[in-house]
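In: Pasting a predicted model and its sequence here:
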Amino acid sequence: MSILPQGLIAPVTHLARQCREALLPGTCLLCGGDAGKHLLCPDCHAELPAAPAIHCPQCAEPTTHGERCGACLKEPPYFDRTVALWRYDFPVDRIIHALKYQHRISIAGWLGQSIAVHLNADDQWLIPMPLHPARLRERGFNQALEIARATARQLQLPMLGNCLARQRPTPPQAELTPPERRRNVRGAFACNADLSGRHIILVDDVMTTGASVGECARVLKLHGAREITVAVAARALKH
Ligand SMILES: [Zn+2]
Ligand SMILES: [Zn+2]
């Protein structure tokens, strides 16, 4: 049994992994080849599955001519646009998994910097998707916050790390219909900041159904946000 109090185990493990990571030479996360100062070698980086270039501007699902998709027309989400780097597909799923479950925290820095390339730095505030406190204790860190921190640093924008909170855990969404998903997350988030007139960049690692970011966007707009851009490393697509 560990001599550490239960609540400390995850943060200490997290710190130990960070130290070990800092000492490792630059081997590619995916193939083990030479990555220099980067996480991936140039070949693996070039082969990451790009998000569709022609897509719904609001939710990033592919559409024929870049028009809004049927789902967004039928029931417009509370966020105004989505910026997604890659499809949530092999090997991006492995990279995100390594960040979340193997505590490879440097991945968050790389994802955050990659997201920053696709945003402009005009007068925006970054807000990470919150984790439920129980999940945070278990994992030791919030991957969305670590990604947002790197994006904010790169763009020299403020990040509000504590203004949005998850008040209750939400059951998995995979098996639910879109209306059930929205009900599932309804009231799950609370905001304690005045965001009047602000353009908010809501940051997460993966956007799956869009129900959680949609509910956060609803809460942020209730608190005055003028415009909301969802920025994610990966988008799970229906097609
Ligand atoms: Zn490689
Ligand atoms: Zn859409």
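Out: Great, that's in hand. Ligands and ions are numbered 1, 2, ... in the order given.

In: and the closest residue to Thr208 other than its chain neighbours, how many residues sit next to it?
Out: The shortest distance from Thr208 to any non-neighbouring residue, by Cβ to Cβ, 6 or more residues apart in numbering, is to Ala236 (4.6 Å). Where C-beta positions appear, they are placed from N, C-alpha and C, glycine not excepted. Ala236: 17 surrounding residues under other Cβ atoms under 10 Å.

In: which residues does Ala236 contact?
Out: Going by Cβ atoms under 8 Å, 6 or more residues apart in numbering, Ala236 touches 87-88, 206-209.

In: Would you mind measuring from it to Leu195?
Out: Applying Cβ to Cβ, to the nearest Å, the value for Ala236 to Leu195 is 27 Å.

In: For Ile228, give the beta-bridge partners.
Out: On the basis of DSSP bridges, Ile228 is bridged to Ile200.

In: Surely it touches Pro77?
Out: No - taking contacts as Cβ atoms under 8 Å, Ile228 lies outside contact range of Pro77: 9.0 Å.

In: which residues do the two both contact?
Out: Ala217.

In: how close does the residue positioned nearest the centre of the chain get to ligand 1?
Out: The residue lying closest to the centre of the chain (Cα atoms, centre = their mean) is Asp204, at 1.4 Å. Using Cβ to the ion, to the nearest Å, Asp204 is found at 25 Å from ligand 1.

In: Next, Ala190: secondary structure please.
Out: strand (DSSP: H, G, I helix; E, B strand; the rest coil).

In: quick one: buried residues of stretch 37-45?
Out: Residues of stretch 37-45 classed as buried: 39-41, 44 (neighbour count, 16 or more other Cβ atoms under 10 Å).

In: Quick one: name whatever helix or strand follows the helix-or-strand element of the chain with minimal mean pLDDT.
Out: Scoring the helices and strands of the chain by mean pLDDT, DSSP states H and E places helix 6-23 at the bottom, with a mean of 52. Sequence-wise, the next helix or strand downstream of helix 6-23 (DSSP states H and E) is helix 42-46.

In: hmm, that following helix touching ligand 1?
Out: Yes - judged by Cβ under 5 Å from the ion, helix 42-46 comes into contact with ligand 1 through Cys44.

In: What residues of the helix or strand following that helix count as buried?
Out: Next in sequence after helix 42-46, counting helices and strands by DSSP H and E, comes helix 70-74. Residues of helix 70-74 classed as buried by neighbour count (16+ other Cβ under 10 Å): 71-72.

In: Appreciated, that's everything.
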